[in-house]
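Student: Structure for this input, please:
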Amino acid sequence: MVGKTATPHLMRKSARLIGLAVAGAVVLSACAGGASSPSSSPKGGGTISFAWPPSSPPTDIFPLLSASQYTNVNLNEFTNLLYRPLYWIGEGSQVVLNEGRSLAYPPTWSSNGRVVTVRLKHFMWSNGTAVSARDVLFWQNLVTANKDQDGGYVPGNYPDNVVATKVINSTTVQFTLNKAWNQTWFLLNELAQIVPLPLAWDKTCATCAAGTADETPAGAKAVYTYLEGQAKKLTTYATNPLWKIVDGEWTLQQFMPDGYSVFVPNKHYSGPQPHISRFVAEPFTSAVAEFNAIKSGSGPDVGYLPVTDLPAKAAVLAQGYSLAPWPDWNYNFIGLNFHNPTVGKILSQLYIRQALQHLMDQTTMVKYAYGGYAWPIYGPVPPVPANNYNTIKSNPYPYNIAAAKQLLTTHGWTISNGVAVCSRPGTGGSQCGIGIKAGAALKFTMLLANENPPLLIAMQDYKSDAAKAGIDITLTQAPILTVFGDMSPCSGASCSWQMGNYGVGWTYFPDYYPTGEDTFETGAGTNFGGYSNPVNDRNIVYTNTAPPAQSQSALNTYQQYLAQQLPVLWQPNYDYQLTLVRSGVHGVTPQSPVLQIIPSEWSRS
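Tutor: Below you'll find the model as predicted:
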């Protein structure tokens, strides 16, 4: 399989950059079911206000988000309030199926593992029609015909791995797959992407008849083009009849192009009504502007503490706010370019990567660079939030300068003028390794995102420790978009980046099952450094296809192998943001590890 292009992944990674800016890295529930009857008025009442991340308002209301619109705000904080996914992932702080918030009962599988059947619960659209299997087919037809426009698309995965979709009856839909896939993986990474769409949208113009246009590929393309065009008209989000048809807890009462949004309860929602009568999401041009509002007393009920204002934490808490760190489903890393013409052969040596990892003092970085709002990372499956997927509990390469130095000297490197130089070229066990010439020096350049002050502090510490082992690392800062762009997979003389650190890591959404087909499989579009290992490729394929009894075992093999092999250097991860919650506001915590908000469960006293 080949992974996604870099662009949509940067959009989803940008959510963590925003979290860092507002608070994530610092220097110094009972769930609603789908079978209950709708109620006519919300419980409790009142308004709760919420701060969008700075300079990141919602920009798309159509749930089939294109690559350029695939942001956390659009996916998890805006469209999900109006249009519910088939399966909701995240319950409390756990990355698991939330059966209560899902539109469908857990899927069932045929004995050969190739046919999955989904039965819908009783949910209604706000126009009085039932959410049906035909609505699921409508989504399926659109995403199949327009898959290259889908920000969640990975070639070879969904929808490519669905060879047939059949409506069995009004509440049952059946998918036939091209082979047997890991059922947990298919649920969390494939079925969870599906958002049933109302057939009233199944048209190609405002006055066209609705309901059948999607039934041909050409028609599905035309429908997508029409809906995308309507979604570009931000000023109509609260008035366009299309977007008034919702199946979520909320409907838009007001929306402004800057992102100011007023949601009111969808009185036709099939589950319990929200506890509050209005939910207001406010935009801020910067973290400074948001925090100034907090300090003035006019700030949102649910906001964030910016990194630069951490010294004011006590004063803010004295105003009646509580502080809630928000960890997300993410790992953090330094990319290594195995195809760089100067250092690629050096980085391809496992012992070199082992030495580099031994020099990463994650415990000190967590304490002094990130102020304790971070934790060590040892492999590709996040240890935080607590989960059953991660099985790497100790560091395979603990901080040890002497161990790093010994790895180098026993493999033919001699420290001269403070820098390790290859003195024994060759491919023997005590020599430098294939492609490394005599006199080659351990000098690397690391491109670093400049929006991340704690990251700079951590990497300055890393540079200092590396120098003690004879490794010279030059830190060069640039905007995150530049760093991310330069880290794209490459080859040849122009493949100039050596180490890349855009600082925000990799978040697992909308692919929530923590496998590596996007990032570490040979040829994947976001396999930044071009890492290629046939054993790892086989491990990844097995994580995607393992039968239920072997699913966790396959994931264990994959993550433990990469923790040892170091396709990247693992570095500390940090909270997405430090959330501020006004006194009297309840239900905000625990916060979703996949960065969703559920304001229908919030209340105030």
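Student: show me where pLDDT drops low in the stretch 301-450 of the chain?
Tutor: 307-308 (pLDDT under 70).
Student: again but with the stretch 451-600 of the chain, I slipped
Tutor: For the stretch 451-600 of the chain (pLDDT under 70), the answer is none.
Student: For the residue nearest to residue 254 when sequence neighbours are not counted, give its distance to residue 281.
Tutor: In space, and not counting its chain neighbours, residue 254 is closest to residue 262: 3.9 Å by C-beta to C-beta, 6 or more residues apart in numbering. For every residue, glycine as well, the C-beta is placed using N, CA and C. Separation of residue 262 from residue 281 (C-beta to C-beta, to the nearest Å) stands at 8 Å.
Student: thought the residue nearest to residue 254 was touching residue 252?
Tutor: Yes. With contact defined as C-beta atoms under 8 Å, residue 262 reaches residue 252; the gap is 7.3 Å.
Student: residues shared between the contacts of these two?
Tutor: Common neighbours of residue 262 and residue 252, using C-beta atoms under 8 Å, 6 or more residues apart in numbering, are residue 238.
Student: Those two: which is more packed in?
Tutor: Using other C-beta atoms under 10 Å as the criterion, residue 262 and residue 252 rank with residue 252 on top: 21 against 18.
Student: Would you mind giving the secondary structure of the more buried one?
Tutor: Using DSSP: H, G, I helix; E, B strand; the rest coil, the three-state assignment for residue 252 comes out as strand.
Student: List the contacts of it.
Tutor: Taking C-beta under 8 Å, 6+ apart, one finds 82, 237, 238, 243, 244, 261, 262, 263 in contact with residue 252.
Student: quick one, phi psi at the residue nearest to residue 254?
Tutor: phi -120, psi 120 (degrees, to the nearest 10).
Student: list the contacts for it?
Tutor: So, once contact is read as C-beta under 8 Å, 6+ apart, residue 262 ends up touching 238, 252, 253, 254, 255, 278, 279, 280.
Student: Kindly recompute the last result at 10 Å.
Tutor: Counting by C-beta atoms under 10 Å, 6 or more residues apart in numbering, residue 262 touches 47, 49, 238, 250, 252-256, 278-282.
Student: Among those residues, name the buried ones.
Tutor: 49, 238, 250, 252, 255, 278, 279, 280, 281, 282 (16 or more other C-beta atoms under 10 Å).
Student: Which members of the residues you listed are the farthest-apart pair?
Tutor: Spanning the widest gap among those are 49 and 238, at 17.2 Å by C-beta to C-beta.
Student: distance between the ends of stretch 177-189?
Tutor: Chord length of stretch 177-189, first to last residue, is 14 Å (C-alpha to C-alpha, to the nearest Å).
Student: and it, average pLDDT?
Tutor: With pLDDT averaged residue by residue, stretch 177-189 scores 97.
Student: What residues of that stretch count as buried?
Tutor: Buried, per 16+ other C-beta under 10 Å, within stretch 177-189: 177, 180, 181, 182, 183, 184, 185, 186, 187, 188, 189.
Student: nearest residue to the most centrally placed residue in the chain other than its sequence neighbours?
Tutor: Compute the mean C-alpha point of the chain, and by C-alpha atoms, centre = their mean the closest residue is residue 507, 3.0 Å away. Nearest residue to residue 507, sequence neighbours excluded (C-beta to C-beta, 6+ apart): residue 330, at 4.5 Å.
Student: Same question for residue 149.
Tutor: residue 66 (5.0 Å).
Student: So residue 243 sits against residue 251, correct?
Tutor: Yes. At 8.6 Å, residue 243 counts as touching residue 251 under the criterion of C-beta atoms under 10 Å.
Student: So for these two, which sits in the more crowded spot?
Tutor: Each of residue 243 and residue 251 has its neighbours counted (other C-beta under 10 Å); residue 243 has more, 23 against 20.
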